[in-house]
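Colleague: I'd like to go over a predicted model; first the sequence, then the structure.
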Amino acid sequence: MTPQQRIAELTRQLNHYNYQYYQNSISEVDDFTFDKLLTELTDLERQYPEFRLPDSPTARVGGTISKEFPTVYHRFPMLSLGNTYSEEDLVEFDNRVRKGLDGADYEYICELKFDGVALSMTYENGVLVQGATRGDGVRGDDITPNIRTIRTLPLRIQSDKIPALFEVRGEGFLPLAEFERINKEREDIGEPLLANPRNAASGTFKQQDSAAVARRRLDCYLYSFLSEEDVFKTHEESLIALKQWGFNVSQTWRKCADIKDVMIYISEWETKRFDLPLGTDGIVLKVNRYDQQRELGYTAKSPRWAIAFKYKALAASTTLNDITYQVGRTGAVTPVARLTPVLLAGTVVKRASLHNANEIARLGVMLGDTVFVEKGGEIIPKVTGVDLAKRTGQERPIIYPTECPACGTPLIRREAEAHFYCTNEKGCPPQRQARFEHFIQRRAMNIESLGEGKIELLIERGLVQTPADLYSLTNDNLLGLEKTYPATLIVREDGSEEPGKARTVKFGQKTVDNILSAIERSKQQPFASVVFALGIRYVGNTTAERIVDYFGNIDDLTNASLETLAGVPDVGPRIAQSLFEWFGQDENRAYVERLRAAGLQMAGERRVVEAVSDALAGKTFLYTGTFQNYSREQIEEQIAAHGGKLLSGVSKKLNYLIVGEGAGPSKVNKAQQLNVPMISEDEFTAMLG
Ligand SMILES: NC(=O)c1ccc[n+]([C@@H]2O[C@H](COP(=O)([O-])OP(=O)(O)OC[C@H]3O[C@@H](n4cnc5c(N)ncnc54)[C@H](O)[C@@H]3O)[C@@H](O)[C@H]2O)c1
Ligand SMILES: [Zn+2]
């Protein structure tokens, strides 16, 4: 390949990765690979400037703007940062700074490089008026309603030092705990898991429905202040003031006298950063004084007074000994790598995720291979590659099972899904066990005193087949049950193993009393919890609440048509289909009847709306955005109280779209296309008479 061809190829490839990364929140390659390719292109372009293409990613900020949000122009461009993985490059950067400042004294501020999405917030007279993404650096997406959902971001600040107009910038992120919580919930309802916190944050900020955004608790660390007025002399002063004004500034920054100090900061945070509540991928050093920053200036893509140092992902290599196939509550089969224990980022790793059959094929991994495992922001490390140089010829191919490893049922693969499934929902032991665990969790029937091996024992002794059987358990059934679970190996820090302690589960009188009273109390759990506890695919607890709001009781829900189900707010066609199929099965209906007979709540506190007038009779409505005088619930109530009907989407059947602040552009566009009249909040109020 000639240099010219390689330049063209890299340009195309990197532009594609950028598009996927910024537009679709997908990483097709890891960052290290991306950065290596970008460095290769930069070097080639330097050698052969004549072959540089006009759309080269080396001179432009990687993102773009989207059609779904209004476009805003940045008052000050939002640039990228030069980055490096090597300490020599940092020393070189420091030399350039020294030269650029003509021998004057200077200091650095070091900060962690938070792995999220760059955000810019504008304040006018102390009030947050706009929040935007970086976009292409010149223009970004106006995502103000989504940014307002960040609880730690002050909507108004008070101080006599603030200029009338200023901007703050920071990194929007999804805290790791929140990422794990969302994935646990997604696993519960059989949704594909979010790949990593960074892409999840990026995808969330781009959602149209800010109520959905609010349910994911995004956060933001501020790291920059911009204004036409000269408010501060140094970056340090601005960080201190931002904190005082009530902004969320991570207290991990440090002033460093020279590049040696910077190196100390880097090595200190290399592993300490894993204790932070969010993912970080390096550190950023910035020249502290603003006048010196101005003196050093900018390239087309990044400041000359700052650079990012990125940590290589923590990786280790070890042997893949075996794969176990785990069956989850929904029957999805997940392959888990069993590894020779190896130390990685301070913990011993002996299992790693392989995701699914596609991933095994993509990696081309075989049993006995030496594999690389990496720890990113996530808790479970993953296998990221095979060390082909270590192949001996003794490796064996991985034969993906065609039958459920737990019950022998042939596995199937549903259309467009990466996982294979065992369809033996009722009989497959791990699925049955998981079904019980789902049922007893706090957000469902709240019988958590049955956790930790107790359910397992009840199933094993044949005392319960389905969760409905829990309601027939008696003191005599339970008292004295006992089982010892054999010891499992404990792997020590250095990788050596020691036998753990055996564990005994015992049902003494006190335990039995606790369990029986928790079972009794569960009969008071609200109807929405019961709907969630049924364990219907895709029905998480928020969806369960929406369903209960709509139907109010189990009979209306059971007998609802597919069309009615699809019309429930927040219930899309996929959830509707799942509900419809579930209630269509006699066995499930019988299960519901048994729960009803046991005394569980089968009707909810549907907000009964008293009819006020028939001013809206025969008219259909939908709303988008937020309103001055009504909450979401109140506007729905008003529509119902005046005889109107709420629709779930824009269609030809819709008579009015009520448009509030931060209205979803997709709904507005569709309404325009279909010529559906759009009315303001005031016009709606006027219609009520
Ligand atoms: N895997 C992929 O497919 C893919 C594709 C495109 C980009 N990427 C990754 O993204 C990088 C390019 O992204 P980029 O242009 O946003 O550059 P960058 O992420 O390397 O650096 C700039 C960004 O760092 C963030 N940042 C975090 N903490 C900061 C702090 N304390 N101070 C200042 N800024 C801070 C800001 O959002 C800023 O915009 C690439 O180097 C690559 O690693 C990956
Ligand atoms: Zn099975």
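Modeller: That came through fine. Ligands and ions are numbered 1, 2, ... in the order given.

Colleague: List, one by one, the residues from this structure near ligand 2.
Modeller: Applying C-beta under 5 Å from the ion, we find that the chain lies next to ligand 2 at 404, 406-407, 409, 422, 424, 428. C-beta here means a position set from N, CA and C on the backbone, and glycine is covered the same way.

Colleague: change it to 8 Å
Modeller: 327, 331, 404-409, 422, 424, 427-431 (C-beta under 8 Å from the ion).

Colleague: Next step: these restricted to strands.
Modeller: Judged by DSSP state E, these include 327, 422 as members of strands.

Colleague: farthest-separated two in the residues of the chain next to ligand 2?
Modeller: Spatial extent of the residues of the chain next to ligand 2 (C-beta to C-beta) is set by the pair 405 and 427 at 14.2 Å.

Colleague: what about the closest residue to residue 516 other than its chain neighbours, neighbour count?
Modeller: Closest residue in space to residue 516, ignoring its immediate chain neighbours: residue 475 at 6.7 Å, by C-beta to C-beta, 6 or more residues apart in numbering. Neighbourhood size, residue 475 [other C-beta atoms under 10 Å]: 12.

Colleague: hang on, isn't residue 475 packed against residue 517?
Modeller: No: with contacts counted by C-beta atoms under 8 Å, residue 475 stays clear of residue 517, the gap being 11.3 Å.

Colleague: Quick check: mean pLDDT of the host helix or strand of residue 438?
Modeller: Under the criterion of DSSP states H and E, residue 438 resides in helix 429-440. Computed over helix 429-440, the mean pLDDT rounds to 92.

Colleague: Tell me the first helix or strand C-terminal of that helix.
Modeller: Following helix 429-440 toward the C-terminus (DSSP H and E): helix 454-460.

Colleague: just to revisit the earlier point, neighbour-wise, give me the winner out of the residues of the chain next to ligand 2.
Modeller: residue 422 (27 neighbours).

Colleague: Next, count neighbours for the closest residue to ligand 1 within the stretch 301-450 of the chain.
Modeller: Residue nearest to ligand 1 within the stretch 301-450 of the chain: residue 308 (5.2 Å; C-beta to the nearest ligand atom). Neighbour count of residue 308, defined by other C-beta under 10 Å: 19.

Colleague: Is it correct that it is in contact with residue 284?
Modeller: Yes: with contacts counted by C-beta under 8 Å, residue 308 reaches residue 284, the gap being 5.0 Å.

Colleague: joint contacts of those two?
Modeller: 81, 113 (C-beta atoms under 8 Å, 6 or more residues apart in numbering).

Colleague: Nearest to ligand 2: which residue in the stretch 201-350 of the chain?
Modeller: Ranked by C-beta to the ion, the top residue of the stretch 201-350 of the chain for proximity to ligand 2 is residue 327, at 5.5 Å.

Colleague: if I pick residue 299, what's in contact with it?
Modeller: residue 82.

Colleague: what's the distance between it and residue 60?
Modeller: 11 Å (C-beta to C-beta, to the nearest Å).

Colleague: Same question for residue 183.
Modeller: Where residue 60 is concerned, residue 183 sits at a distance of 33 Å (C-beta to C-beta).

Colleague: Which strand residues bridge residue 222?
Modeller: Beta bridges link residue 222 to residue 170 when assigned by DSSP bridges.

Colleague: Around it, how many other residues sit close by?
Modeller: The tally of other residues near residue 222 (other C-beta under 10 Å) stands at 22.

Colleague: ditto for residue 67
Modeller: 9.

Colleague: Surely it is within a strand?
Modeller: No: counting by DSSP: H, G, I helix; E, B strand; the rest coil, one finds residue 67 to be coil, located in no strand.

Colleague: tell me the contacts of the residue of the stretch 201-350 of the chain closest to ligand 2?
Modeller: Contacts of residue 327 (C-beta under 8 Å, 6+ apart): 333, 404-406, 422, 428, 430-431.

Colleague: Could you identify the most distant pair in those residues?
Modeller: 405 and 431 (12.0 Å).

Colleague: which ones are touching residue 674?
Modeller: 650-652, 654.

Colleague: domains for the chain, by residue range?
Modeller: For the chain, automatic domain parsing gives the domain ranges 3-59, 71-310, 314-422, 526-606, 620-687.

Colleague: Now the residue nearest the centre of the chain: which helix or strand?
Modeller: Of all residues in the chain, the one closest to the mean position by C-alpha atoms, centre = their mean is residue 200, 3.8 Å from it. Element membership for residue 200 (DSSP H and E) is helix 197-205.

Colleague: Would that helix count as contacting ligand 1?
Modeller: No: Helix 197-205 does not reach ligand 1 (C-beta under 6 Å from any ligand atom); its nearest approach is 8.8 Å.

Colleague: now the helix or strand just after that helix, how far from the chain's geometric center?
Modeller: Downstream of helix 197-205, the next assigned helix or strand under DSSP H and E is helix 210-215. For helix 210-215, the distance from its own C-alpha centre to the chain's C-alpha centre is 12 Å (C-alpha atoms, centre = their mean, to the nearest Å).

Colleague: Looking at helix 210-215 now, give me its mean pLDDT.
Modeller: Mean per-residue pLDDT for helix 210-215: 86.

Colleague: That one packs against which elements?
Modeller: helix 144-147 (3 or more C-beta pairs under 8 Å, 6 or more residues apart in numbering; DSSP states H and E).

Colleague: can you list contacts of the helix it packs on?
Modeller: Residues contacting helix 144-147 (C-beta under 8 Å, 6+ apart): 119, 121, 128-132, 153, 172, 204-205, 207, 210, 213, 218, 220, 625-626, 661-662.
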